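Student: here is a sequence with its predicted model. Questions after.
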Amino acid sequence: MTDKTIGMAKRRSILVQLFYRYLLMEANEDFIKQDLLDETQVFLDEETLQLATQLATELPNLKQEAEKHLSQEWKWGRLPYLVQAILLVGTFEIQMTNTPKPVTLNEMTELAKNYGLDQHWKFINALLEKINKI
């Protein structure tokens, strides 16, 4: 584990990248937690590791919450994995942290834009807005 402290914006980006990878691998909660313990922890600071572990634990609930706010035309499985990862991290941050909600919404939208999701950032923002209102 590294000793250096990183900012929350960088931490969000790392979490999105981690869970994007886990989604690509179709990894379950147990695999994710074991991977975090075995391999990934050497690259993460303590707080990021803790958040990633909490996110892994809450993954089914976060996915269910995001799915609940999808319109009938959209199904979770149709969403690109990167969009799913951003939605999971954003939903986690809205529901499980003390981060001001406007900050979370803005940061997740910016991550989508930075990752080239030009067609999806509005969708991500709208869905996270719905989740934020509950």
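Tutor: Structure received.
Student: flag every buried residue along the helix or strand of the chain with the lowest mean pLDDT.
Tutor: Lowest by mean pLDDT, DSSP states H and E among the helices and strands of the chain is helix 29-38, with a mean of 89. Under the neighbour-count criterion of 16 or more other Cβ atoms under 10 Å, helix 29-38 has 32, 35, 36 buried. Every C-beta, even on glycine, is put in place using the N, C-alpha and C of the backbone.
Student: report the contact partners of the first one.
Tutor: Going back to what we said before, that points to residue 32. Going by Cβ atoms under 8 Å, 6 or more residues apart in numbering, residue 32 touches 22, 52, 56, 59.
Student: could you dump these to CSV with pLDDT?
Tutor: Below are the contacts of residue 32 laid out as CSV (pLDDT from 0 to 100):
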residue, pLDDT
22, 96
52, 94
56, 95
59, 95
